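Engineer: how would this look folded up:
(one chain, ligands or ions: 1)
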Amino acid sequence: MAASAPPSLAVIGGGLTGLTAAWRLHRAGCRVTLYERTPRPGGAIVTHAEDGWLAEGGPNSLQLVPEVAGLIAELGLGPRQVAAGAAAKKRFIVRRGRLVPVPLSPAGLLTSPLFSPGARLRVLLELLHRPRVRTTDTSLAAFVGAHFGQEIVDYGLNPFVSGVYAGDPAKLSARYAFPNLWQLERRHGSLLRGLRAQAAERRSRGEAAGVHPIVSFDRGLEVLPQALASALPDGAVQAGVTVTNLIPGRPWKVITTRGGEVATSAFDALVLALPAGALAQLIFGTLGERSLASLDHLPMPPVASLFLGFRRDQVAHPLDGFGALVPAREQRSLLGMLFSSTLFPGRAPADHVALTVFAGGMRQPETGRLAADALAARVLPDLRELLGVRGDPVYSRHTFWPRAIPQYNLGHERFLEPLARLEAQHPGLFIGGNTRDGISLPDCVRSGAELARKAAAYAGRA
Ligand SMILES: Cc1cc2nc3c(=O)[nH]c(=O)nc-3n(C[C@H](O)[C@H](O)[C@H](O)COP(=O)(O)OP(=O)(O)OC[C@H]3O[C@@H](n4cnc5c(N)ncnc54)[C@H](O)[C@@H]3O)c2cc1C
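Structural biologist: The predicted structure follows:
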């Protein structure tokens with residue numbers, strides 16, 4: 001008997017979520033076509049190499065969770081992976097205009113000048129919290145405040161949330177933005193005891209108990225999407241092609257445009273791996289309906305990434321760490337900065353250092369929108385004060401993200417419901433990515449794999 005033809009699937013969106021989904025579908029024996037609007041797959045992952053500088057415009061590092069490690073191994077990228085330098089274990093938070101190391105152990109916490117004696121005592125008392133099942137969501141600031149007090153919110157949570165979400169802890173939802181903490185409170189009461197128990201569980205599964213290592217690649221993060229795109233069969237990646245309409249049915253029809261040329265293709269199932277704004281634009285059916293239009297209201301603040309290169313002798317601070325985060329209360333122009341040339345090798349020419357400064361976010365959207373020169377003029381006085389920077393940068397690269405990171409704010413479910421409704425209405429449609437499944441790169445890898453698993457099962461390739 002002749003083998004049946006492999007099912008044909010379309011993946012829409014060529015960021016890390018879509019590329020991972022396409023790769024997994026290909027491995028599951030499906031015929032896959034990935035549509036990417038821009039000429040370059042990778043989405044938010046963009047690396048620029050120039051004159052000995054290696055600058056990330058979007059994400060800078062990746063946590064090596066088991067799913068990411070597995071993907072790197074499958075693609076044969078092990079030899080190209082670079083781990084964060086030992087110095088990068090140290091992280092700083094700005095307090096009263098100084099860079100103060102973040103305590104890394106309970107003993108360190110008890111003596112750290114980052115927090116007052118009262119705040120440290122509150123941290124110890126948190127161990128006594130009893131399990132609590134909340135019936136309604138609450139803001140992250142209120143959630144963490146109830147466990148650790150206001151000072152930890154201001155000088156621990158606030159800068160951390162700026163570093164991860166470019167977000168506002170008073171608006172972010174505890175349940176959606178940090179689902180792990182939400183569950184830990186239910187199970188353990190104390191978040192500290194919960195985290196300790198989780199580390200023990202990981203150890204018992206044979207995984208490293210500490211935090212997952214932070215990695216990148218010899219030529220930057222873009223190595224990963226490039227490798228995924230090249231591992232797909234010839235012609236599978238349709239770059240420079242925008243998907244405009246999806247017509248449900250058996251088969252689904254996908255309408256695309258490339259330089260004004262319109263085409264229609266048929267598929268057994270579809271995976272959507274698009275940011276909220278792009279989902280909102282998609283037209284479903286033949287009546288011109290934008291079924292996900294409400295996703296345009298999902299808050300996604302602007303963020304600017306400013307990669308700055310200096311001669312080593314221009315910066316007094318040893319840059320002996322991962323970087324520094326800035327609490328809102330410090331009233332500075334930046335959300336935080338990475339010490340990029342300490343973090344990974346090969347980011348700056350010899351005798352030079354590189355910093356990546358982030359500005360904007362929910363805290364200061366107008367600063368994020370400044371043009372490159374104006375932004376540099378705004379942040380340099382802070383860099384001079386905080387790091388002892390002298391003179392002007394010898395290299396700079398500015399990347400602007402008008403809608404950078406989706407905010408899982410209170411009420412986020414109103415953006416998730418239309419996605420679930422559309423999937424239920426239209427069999428063969430699978431929607432994922434950072435609107436729904438988490439914003440970090442490991443979340444995107446997991447989301448892509450899960451989308452592929454469900455789509456392959458639907459198409460009969462479980
Ligand atoms: C400045 C910044 C710093 C970050 N730092 C980190 C970090 O250090 N570590 C970390 O883990 N995460 C970080 N993140 C988060 C992480 O980078 C993103 O959440 C992740 O890359 C999103 O991947 P994605 O594939 O879901 O979406 P995207 O990368 O947005 O990809 C979606 C793709 O869809 C394409 N597209 C849009 N519309 C259409 C259409 N109609 N037809 C076809 N294609 C279309 C787009 O061109 C895009 O390529 C950062 C994000 C930003 C913006």
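
Engineer: start to end distance for stretch 292-311?
Structural biologist: End-to-end distance of stretch 292-311: 49 Å, with CA to CA, to the nearest Å as the criterion.

Engineer: so how far is it off the chain centroid?
Structural biologist: Distance of stretch 292-311 from its chain centroid, counting by CA atoms, centre = their mean, to the nearest Å, is 11 Å.

Engineer: is that stretch positioned near the ligand?
Structural biologist: Yes - judged by CB under 6 Å from any ligand atom, stretch 292-311 and the ligand are in contact via V303, S305. The way it works is simple: take the backbone N, C-alpha and C, and place the C-beta from them, glycine included.

Engineer: pLDDT on that stretch, on average?
Structural biologist: For stretch 292-311, mean pLDDT rounds to 98.

Engineer: who in the stretch 301-450 of the chain is up against the ligand?
Structural biologist: Proximity of the stretch 301-450 of the chain to the ligand, by CB under 6 Å from any ligand atom, involves residues V303, S305, W401, A404, I405, G433, N434, I439, S440, L441, C444.

Engineer: nearest residue to the first one in space, please, no chain neighbours.
Structural biologist: In space, V303 comes closest to A404 once its chain neighbours are excluded; the distance is 3.7 Å by CB to CB, 6 or more residues apart in numbering.

Engineer: got any ranges where the chain has weak pLDDT?
Structural biologist: 1-3, 209 (pLDDT under 70).

Engineer: now do the domain split for it, please.
Structural biologist: Domains of the chain are assigned by automatic domain parsing as 8-44+223-298+409-458, 46-102+213-221+301-404, 115-204.

Engineer: so which of the ones you listed gets nearest L109?
Structural biologist: L109 lies closest to domain 115-204 among the domains of the chain, at 6.2 Å (CB to CB).

Engineer: off-centre distance for that closest one?
Structural biologist: The gap between where domain 115-204 is centred and where its chain is centred comes out at 20 Å by CA atoms, centre = their mean.

Engineer: is that domain in proximity to the ligand?
Structural biologist: No - Domain 115-204 stays clear of the ligand (CB under 6 Å from any ligand atom), getting no nearer than 7.6 Å.

Engineer: measure that domain end to end?
Structural biologist: 33 Å.

Engineer: spatially nearest residue to S396 (excluding sequence neighbours)?
Structural biologist: L308 (5.2 Å).

Engineer: which helices and strands sit right next to the helix or strand where that neighbour lies?
Structural biologist: Element membership for L308 (DSSP states H and E) is strand 303-311. With contacts taken as 3 or more CB pairs under 8 Å, 6 or more residues apart in numbering; DSSP states H and E, strand 303-311 sits against strand 53-56, strand 352-360, helix 365-368, helix 372-387, strand 395-401.

Engineer: which strands or helices does the longest one pack on?
Structural biologist: Packed against helix 372-387 by the contact rule (3+ CB pairs under 8 Å, 6+ apart) you find strand 98-101, strand 303-311, strand 352-360, strand 395-401.

Engineer: and the second one, by the same measure?
Structural biologist: Strand 352-360 sits against strand 53-56, strand 303-311, strand 336-338, helix 340-343, helix 365-368, helix 372-387, with contacts defined as 3+ CB pairs under 8 Å, 6+ apart.

Engineer: burial-wise, tell me which of those comes out on top.
Structural biologist: strand 336-338 (a mean of 27; mean count of other CB atoms under 10 Å).

Engineer: the stretch 1-150 of the chain: helices as residue ranges?
Structural biologist: Along the stretch 1-150 of the chain, counting by DSSP state H, counting those that start in this stretch, helices occupy 16-27, 66-74, 106-111, 117-125, 140-148, 150-152.

Engineer: CA-only coordinates of the helix or strand following the shortest one in CSV, if you can.
Structural biologist: Scanning the chain past helix 150-152 towards its C-terminal end, the next helix or strand to appear is helix 158-165 (assignment: DSSP H and E). Listed next in CSV are the C-alpha coordinates belonging to helix 158-165 (Å, rounded to 0.1, in the frame of the first residue of the first chain):
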residue,chain,number,x,y,z
ASN,A,158,10.5,46.8,40.9
PRO,A,159,13.9,46.6,39.2
PHE,A,160,13.6,42.9,38.5
VAL,A,161,10.2,43.4,36.7
SER,A,162,11.7,46.3,34.7
GLY,A,163,14.5,44.0,33.7
VAL,A,164,12.2,41.2,32.6
TYR,A,165,9.0,42.8,31.4
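
Engineer: tell me what angle helix 158-165 forms with helix 140-148.
Structural biologist: Between helix 158-165 and helix 140-148, the angle comes out at 130 degrees (axes from the mean of the first three to the mean of the last three CA atoms, to 10 degrees).

Engineer: can you name the residues in contact with the helix or strand harbouring S230?
Structural biologist: Per DSSP H and E, S230 falls inside helix 223-231. By CB atoms under 8 Å, 6 or more residues apart in numbering, the surrounding residues in contact with helix 223-231 are 14-16, 19-20, 22-23, 26, 34, 41-43, 45, 47, 62, 71-72, 75-77, 80, 217, 237.

Engineer: in the stretch 151-300 of the chain, which spans are helices?
Structural biologist: Along the stretch 151-300 of the chain, counting by DSSP H, counting those that start in this stretch, helices occupy 158-165, 174-177, 179-188, 191-204, 223-231, 276-281.

Engineer: hey, what's F310 bridged with?
Structural biologist: Beta-bridge pairing of F310 under DSSP bridges involves V353.

Engineer: what residues are up against it?
Structural biologist: H352, V353, A354, L355, V389, G391, P393, V394.

Engineer: rewinding a little: overlap between the contacts of helix 223-231 and the residues near the ligand?
Structural biologist: Here is what survives when the contacts of helix 223-231 are matched to the ligand using CB under 6 Å from any ligand atom: G14, G15, L16, G43, I45, L62.

Engineer: does the last one touch H212 like I think?
Structural biologist: Going back to what we said before, that points to L62. No - look at L62 against H212 with CB atoms under 8 Å: they stay out of range, at 9.4 Å.

Engineer: more neighbours, these two?
Structural biologist: Set L62 next to H212 and count neighbours by other CB atoms under 10 Å: L62 wins out with 24 against 16.

Engineer: contacting residues around the more buried one?
Structural biologist: V68, I214, V215, S216, L221, L224, L441, P442.

Engineer: so what's the residue count around the third one?
Structural biologist: The local packing count at V215 equals 19, with neighbours defined by other CB under 10 Å.

Engineer: now, which of the ones next to the ligand among the contacts of helix 223-231 lie within strands?
Structural biologist: Residues of these located in strands (DSSP state E): L62.
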